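Q: coordinates for the following, if possible.
(2 chains)
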Amino acid sequence: MIPAAFDYYRAESAEEAIALVGQYGDEAKFLAGGHSLLPLMKLRLAQPGVLIDVGRIPDLAYIREDGEHIAIGALTRHRDLETSDVLAEHLPLLAHTALYVGDSQVRHRGTIGGSIAHSDPASDLPATTLALGASYVVQGPNGRREIGATDFFHGFLETAMEPDELLVEIRVPSRRGATWSFQKMRRRAQDWAIVGVSAWQNGTDNGVALVNMGSTPILASSVSSALAGGASPAEAAEFAAAEADPQGDLNASPEFRVHLAKVLVRRALEECAG
Amino acid sequence: MKITVTVNGEARSADVEPRTLLVNFVRDELGLHGTNIGCDTSSCGACTLHLNGEAVKSCTVLAVQADGAQVTTIEGLGSEDALHPMQQAFVDCHGLQCGFCTPGMVMAATSLLDEIPNPTEDQVRSGLKGNLCRCTGYHNIVAAVLNCAGSNK
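A: The predicted structure is shown next:
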């Protein structure tokens, strides 16, 4: 399968990419690693008339400490998250989650920015960054703005970004010293999660988010409140699906997803508790 | 669009449609048929080659994205007279049955050993999870990769 024809532009800077998308409007899509977009284009589920390749923009692939935060450039590949010393120290949950994205070939191409901007609720990195309290920096024609992860995901493949905005940076508070767990239920090793759970804990401070339990990644606030109030992992896990609205598909009914969420949240919290 | 890609050490230029996939570029434009098309949906790994030294699925990369890059295909890894050690390990361990997945397996396996020179069996299995063998000959494929890693010591 070969995608439908499109015009291709290679942006040399974020500003140029944003100007191009302003010029071509709804017809245009940004291309980074291409591992979400190209499969959709090959299946004709997406048929953009213009691709703006942002993959070579310099200075958008980095992982660095920035005060209390870790700043991650949007073009940072999954492989680079996996192997980052900075993440190993400050955000091992994020590095570990990256290891579960697709397979090694996919991780050599796919980017954290692409995964988050694509906003597939079955993807792992949106949920993990949501659990960690991240915010996303987007750049548009009038400059940059920062959107909290809790305000970013609006629906299936829909975000708070305007069509002429480009995700440029992911900012995550350092969680150095926290315990953490990532749980992923899938049929085959390279598959998307049927249900996934990202969790971290540091004293009463904690974060829990769910993969594929609704039209967006889901922050399990009720679990967090219960934990902070002294509930055991098993007690807190009973609230796993309180914020969720899971869909049924070939892999799982909504009821099975709720069951899985409770089991996986309990396992995650037990692992966090040591 | 005019692109130049260094394939197996040789600069190759062509005028391609932007929608041309890298796998079609190497197969149809350059005549390098060792890179197979299996599922064509980035699941099976038959089309794996090295882009700037790392394994990628060439059915999910546009040729224009590889402009200026270094590509190595199975033809560039070894020759019939001088097999790459990974190819020799697949021969020695009978790591293939029908052979269709083999080029992709070998390219994924060499990339894996570049990143983890002495992997455990679990790391080999995890590292090759993006490559499917429809003959289900995984046992000897994993043995071949471990054997090659051992001989690299």
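Q: residues of stretch B:74-91 that come out buried?
A: Across stretch B:74-91, burial judged by 16 or more other Cβ atoms under 10 Å in any protein chain shown covers B:74-78, B:84-90. Glycine gets a C-beta too; all of them are placed from N, C-alpha and C.
Q: format these as TSV; extra columns: pLDDT, distance to chain A and secondary structure.
A: Rendered in TSV, the data for those read as follows (pLDDT from 0 to 100; distance: Cβ to the nearest Cβ, whole Å; DSSP: H, G, I helix; E, B strand; the rest coil):
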residue	pLDDT	distance to chain A	secondary structure
B:I74	98	15	helix
B:E75	97	19	helix
B:G76	97	18	helix
B:L77	96	16	helix
B:G78	92	21	coil
B:H84	97	19	coil
B:P85	97	20	helix
B:M86	98	15	helix
B:Q87	97	19	helix
B:Q88	97	23	helix
B:A89	97	19	helix
B:F90	97	18	helix
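Q: distance of A:S225 from chain B?
A: 36 Å (Cβ to the nearest Cβ, to the nearest Å).
Q: quick check, pLDDT for the residue lying closest to that residue once chain neighbours are set aside.
A: Take A:S225 and drop its neighbours on the chain: the residue closest to it by Cβ to Cβ, 6 or more residues apart in numbering or on different chains is A:F239, 8.0 Å away. A:F239 is assigned a predicted lDDT (pLDDT) of 98.
Q: now do the contacts for A:F239.
A: Contacts for A:F239 (Cβ atoms under 8 Å, 6 or more residues apart in numbering or on different chains) come out as A:220, A:222-223, A:225-226.
Q: now do the contacts for the most centrally placed residue in chain B.
A: Among the residues of chain B, the smallest C-alpha distance to the mean C-alpha position (Cα atoms, centre = their mean) belongs to B:M107, namely 2.8 Å. The neighbourhood of B:M107, defined by Cβ under 8 Å, 6+ apart, consists of B:48-50, B:55, B:72-74, B:77.
Q: doesn't it fall inside a helix?
A: Yes. The assignment for B:M107, made by DSSP: H, G, I helix; E, B strand; the rest coil, places it in a helix.
Q: which SSE is B:T6 in?
A: B:T6 is part of strand B:2-7, with elements assigned from DSSP states H and E.
Q: what comes up buried for that strand?
A: The neighbour-count check on strand B:2-7 (16+ other Cβ under 10 Å) flags B:3, B:5, B:7 as buried.
Q: run me through the strand neighbours of that strand, direction for each.
A: Here strand B:2-7 has these sheet partners by DSSP bridges: strand B:10-15 (antiparallel), strand B:70-72 (parallel).
Q: the longest one: how far from the chain's middle?
A: It refers to strand B:10-15. Taking the mean C-alpha point of strand B:10-15 and that of its whole chain, the gap between them comes to 20 Å (Cα atoms, centre = their mean, to the nearest Å).
Q: just the helices in the chain please.
A: Using chain A. Taking DSSP state H as the test, the helices found in chain A are A:14-24, A:37-42, A:78-82, A:85-90, A:92-98, A:104-107, A:112-118, A:124-131, A:149-152, A:221-228, A:233-237, A:254-273.
Q: chain B was what I was after
A: Remark: helices of chain B, listed N- to C-terminal, are B:22-24, B:74-77, B:85-92, B:102-115, B:121-127, B:138-151; assignment by DSSP H.
Q: neighbours of the residue of chain A found nearest chain B, how many?
A: Residue of chain A nearest chain B, by Cβ to the nearest Cβ: A:D103 (2.7 Å). Close neighbours of A:D103, defined as other Cβ atoms under 10 Å in any protein chain shown, add up to 23.
Q: near chain B, which residues of chain A are found?
A: By the criterion of Cβ under 8 Å from any Cβ of the partner chain, the positions of chain A lying close to chain B are A:1-8, A:10, A:31, A:34-35, A:38-39, A:42-43, A:51, A:53, A:55, A:79, A:102-106, A:108-109, A:188-190.
Q: before we move on, back to that, which of the contacts of A:F239 are buried?
A: The neighbour-count test (16+ other Cβ under 10 Å) applied to the contacts of A:F239 identifies A:220, A:222-223, A:226 as buried.
Q: can you give me the neighbour number for the closest residue to chain A within chain B?
A: Distances from chain B to chain A, computed as Cβ to the nearest Cβ, single out B:G130 as the nearest residue at 2.7 Å. The criterion is other Cβ under 10 Å. On that basis, B:G130 has 25 neighbouring residues.
Q: next: A:D26.
A: 10.
Q: do the same with the one 4 residues further on
A: Residues within reach of A:F30, counting by other Cβ under 10 Å, total 23.
Q: where are the low-confidence patches of chain A?
A: Low-confidence regions of chain A, defined here as pLDDT under 70, do not occur.
Q: domains in it, by residue range?
A: Chain A resolves into domains spanning A:7-53, A:63-173, A:181-273 when parsed by automatic domain parsing.
Q: ok so, going back, wait, what's in contact with the spatially closest residue to the residue of chain A closest to chain B that is not a sequence neighbour?
A: Of all residues beyond its chain neighbours, the one nearest A:D103 is B:G130 (2.7 Å), with distances taken as Cβ to Cβ, 6+ apart. Contacts for B:G130 (Cβ under 8 Å, 6+ apart) come out as A:102-106, A:190, B:43, B:45, B:48, B:57, B:108.
Q: please tell me how far B:V23 sits from B:A63.
A: With distances taken as Cβ to Cβ, to the nearest Å, B:V23 is found 9 Å from B:A63.
Q: common neighbours of the two, please.
A: Any residue near both B:V23 and B:A63 by Cβ under 8 Å, 6+ apart counts here, and not one turns up.
Q: chain A contacts on chain B?
A: Within reach of chain A by Cβ under 8 Å from any Cβ, chain B has these residues: B:1, B:17-21, B:24, B:40-43, B:45, B:48, B:51, B:54-57, B:60-62, B:64-65, B:108, B:111-112, B:115, B:126-127, B:129-131.
Q: cheers, nothing more for now.
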